[in-house]
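> Fold the following, please.
(one chain, ligands or ions: 2)
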Amino acid sequence: MQSLTLKSLAISVGDKEVVRDFSLAIKSGEVHALMGPNGSGKSSLAYAIAGHPEYQITKGSVMLNNVNLLELLPEKRAEAGLFLSFQEPPEVGGVSMSTFLQMIASVAKDSPKDFKSMLPEIGLHDTFLQRFLNEGFSGGEKKKSELLQLIARKPKIAICDEIDSGLDLDALKSVAKILRGEAARGAGLLLISHSPRLFELLPPDFVHVLLKGKLVASRGPEFLDILAQEGYKAFS
Ligand SMILES: Nc1ncnc2c1ncn2[C@@H]1O[C@H](COP(=O)(O)OP(=O)(O)OP(=O)(O)O)[C@@H](O)[C@H]1O
Ligand SMILES: [Mg+2]
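Ligands and ions are numbered 1, 2, ... in the order given. I've put the predicted structure just below:
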């Protein structure tokens, strides 16, 4: 059983506190949806957990099983089993997708080695692997690149920040299916998204709402319909 346990987190960017008193536990095989208005702190939370230096955790703890992630550099957090897919993945010239995926897969346990055979399912051409990481990729291609990295990493816990944004209708279905498979093999998923469609294809066990840096609701999947109809006005 794997678990990511976040306790009473406060997160600052510069001198601005963007998340406060945030607690959540994500266990093996669980799918958690994290929703909330633009600017509520979802990406800041994801960055801080992954160890981005601009997003400082000023209070609280982050444990992956019994490992204190706050004592580890970002790459060691990844090696410990944490994966973050970015809302806006950076472009990295000079490193091909193929080289990058093989590099990630070589340090992960039980990772697949053949990425070429996965490309058709997510609507990518063979030549995709020869291109430099995210360089000139369309919005949807960047998300597919993040998904391939997730598959290569075989993480214990994956935080996916709007991995569905920009995906076409068919790709969204394929990505949801792959993520369902990740949860079925035992990964815990924290899926940040604005779109109820993703959660129709990939039903969450829990639905959380972050508003102005605070977790204001955590409920079951039935909450999605209420949010889709009423938005966040009940919380503001
Ligand atoms: N590097 C930064 N410098 C300054 N302010 C920042 C930085 N990163 C985040 N913020 C601010 O922190 C707040 C939370 O931003 P964040 O990106 O976490 O929101 P979000 O919930 O992910 O929004 P969205 O749904 O639009 O992606 C916002 O007010 C944002 O402007
Ligand atoms: Mg965001």
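
> Helices along this protein, start to end?
Taking DSSP state H, the helices of the chain run over residues 42-50, 74-80, 97-107, 139-153, 169-184, 196-201, 223-230.

> how about the residues of this protein near ligand 1?
13, 18, 36, 38, 39, 40, 41, 42, 43, 44, 54, 87 (C-beta under 6 Å from any ligand atom). Where you see a C-beta, it was placed from the backbone N, CA and C, and this is true even at glycine.

> Include distance to residue 202 and pLDDT when you put those residues into TSV, please.
Shown next, in TSV, are those (distance: C-beta to C-beta, whole Å; pLDDT from 0 to 100):
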residue	distance to residue 202	pLDDT
13	29	98
18	27	98
36	18	97
38	22	97
39	25	98
40	21	98
41	23	98
42	17	98
43	20	98
44	23	98
54	30	97
87	17	94
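
> which of those residues are buried?
Buried members of the residues of the chain next to ligand 1, counted by 16 or more other C-beta atoms under 10 Å: 13, 18, 36, 40, 41, 42, 43, 44, 87.

> Return the distance of whichever residue of the chain sits closest to ligand 2 relative to residue 52.
Nearest to ligand 2, among the residues of the chain, is residue 43, at 3.1 Å (C-beta to the ion). Note on residue 43: its distance to residue 52, by C-beta to C-beta, to the nearest Å, is 10 Å.

> got the contact list for residue 119?
Applying C-beta atoms under 8 Å, 6 or more residues apart in numbering to residue 119 gives the contacts 125, 126, 128, 129.

> Over to residue 13?
Per C-beta under 8 Å, 6+ apart, neighbours of residue 13: 44, 54, 55, 56.

> so residue 148 sits right up against residue 98, yeah?
No: here residue 148 lies out of contact with residue 98, judged by C-beta atoms under 8 Å, at a distance of 10.1 Å.

> where do the contact lists of the two overlap?
Common neighbours of residue 148 and residue 98, using C-beta under 8 Å, 6+ apart, are residue 115.

> For these two, indicate the residue with more neighbours.
The residue with more neighbours, out of residue 148 and residue 98, is residue 148; 23 against 15, by other C-beta atoms under 10 Å.

> Which pLDDT value does the model give the closest residue to residue 125 other than its chain neighbours?
In space, residue 125 comes closest to residue 119 once its chain neighbours are excluded; the distance is 6.8 Å by C-beta to C-beta, 6 or more residues apart in numbering. As predicted, residue 119 sits at a pLDDT of 96.

> do the same with the one 4 residues further on
The per-residue pLDDT reported for residue 123 equals 95.

> For it, give me its contacts.
The contact partners of residue 123, taken as C-beta under 8 Å, 6+ apart, are 144, 168, 170, 171, 174.

> same thing but at 7 Å, please
Counting by C-beta atoms under 7 Å, 6 or more residues apart in numbering, residue 123 touches 170, 171.

> Give me the phi and psi for it.
Residue 123 adopts backbone torsions of phi 70, psi 40, taken as degrees, to the nearest 10.

> any idea how far residue 45 is from it?
Here the criterion is C-beta to C-beta. By it, residue 123 lies 30 Å from residue 45.

> Residue 61 versus the most centrally placed residue in the chain, what's the distance?
Nearest to the mean C-alpha position of the chain, by C-alpha atoms, centre = their mean, lies residue 160 at 1.5 Å. Distance of residue 160 to residue 61, computed by C-beta to C-beta: 22 Å.
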